[in-house]
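A.B. asks: here is a sequence together with a model predicted from it:
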Amino acid sequence: MRHRPATAAIWAKLPAPATNTRSPRLPDVVEKIEAAQKPWVAAIHGNALGGGFEIAMGCRFRIACGSAQLGLPEVNLGIIPGASGTVRTPRLAGIEAAVDLATSGKPISAARALDAGLLDLVVGTDLEAAAIDFARQALDTELPQPAARRG
């Protein structure tokens, strides 16, 4: 099985904008994913940093392989996360973890992200099969609020 970066996998599945002639902006894409009728599951293999992590946070669920790393490294470029990472991170992981992620620029491990509440599941093998199984199980439960709407 071939793995693609999270961003490429998601962009490949997005429908083309019907009436908009400009390219979609990342914050708009994340909002569309979060507002989708059917919940999205982000399956993270490798690194989900910056916009890739922000896309994953827009998904209703996030799972990752054990070697994955997540983070918001934009501060290393002198900017802040621009696709609502500063909104979703504290709602998923709490203010202290969000401030640390956004100001340190250092990625965290999948295990640490799971403990912080940024991931729903960490798997050791066959990420794709685990994501499909997770999605099937999630359909039998009450869906959590989208990250941007959590208190």
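C.D. replies: Alright, I've got the coordinates. Residues are numbered from 1 along each chain as shown.
A.B. asks: list the contacts of Val87.
C.D. replies: Contacts of Val87 were listed using Cβ atoms under 8 Å, 6 or more residues apart in numbering, and they are Ala147, Ala148. Where you see a C-beta, it was placed from the backbone N, CA and C, and this is true even at glycine.
A.B. asks: what's the spacing between the spatially most central residue of the chain and Gly71?
C.D. replies: What sits nearest the mean C-alpha location of the chain, by Cα atoms, centre = their mean, is Ala56, with 1.3 Å. Counting by Cβ to Cβ, to the nearest Å, the gap from Ala56 to Gly71 is 11 Å.
A.B. asks: so where is the protein shaky, pLDDT-wise?
C.D. replies: For the chain, the stretches with pLDDT under 70 are 1-21.
A.B. asks: elements contacting the helix ranked longest in it?
C.D. replies: Using DSSP state H to assign secondary structure, the helix with the most residues in the chain is helix 127-138. With contacts taken as 3 or more Cβ pairs under 8 Å, 6 or more residues apart in numbering; DSSP states H and E, helix 127-138 sits against strand 41-44, strand 61-65, strand 121-123.
A.B. asks: want to try TSV for these, with mean neighbour count as columns?
C.D. replies: As requested, those are arranged in TSV below (neighbours: other Cβ atoms under 10 Å):
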stretch	mean neighbour count
strand 41-44	24
strand 61-65	25
strand 121-123	20
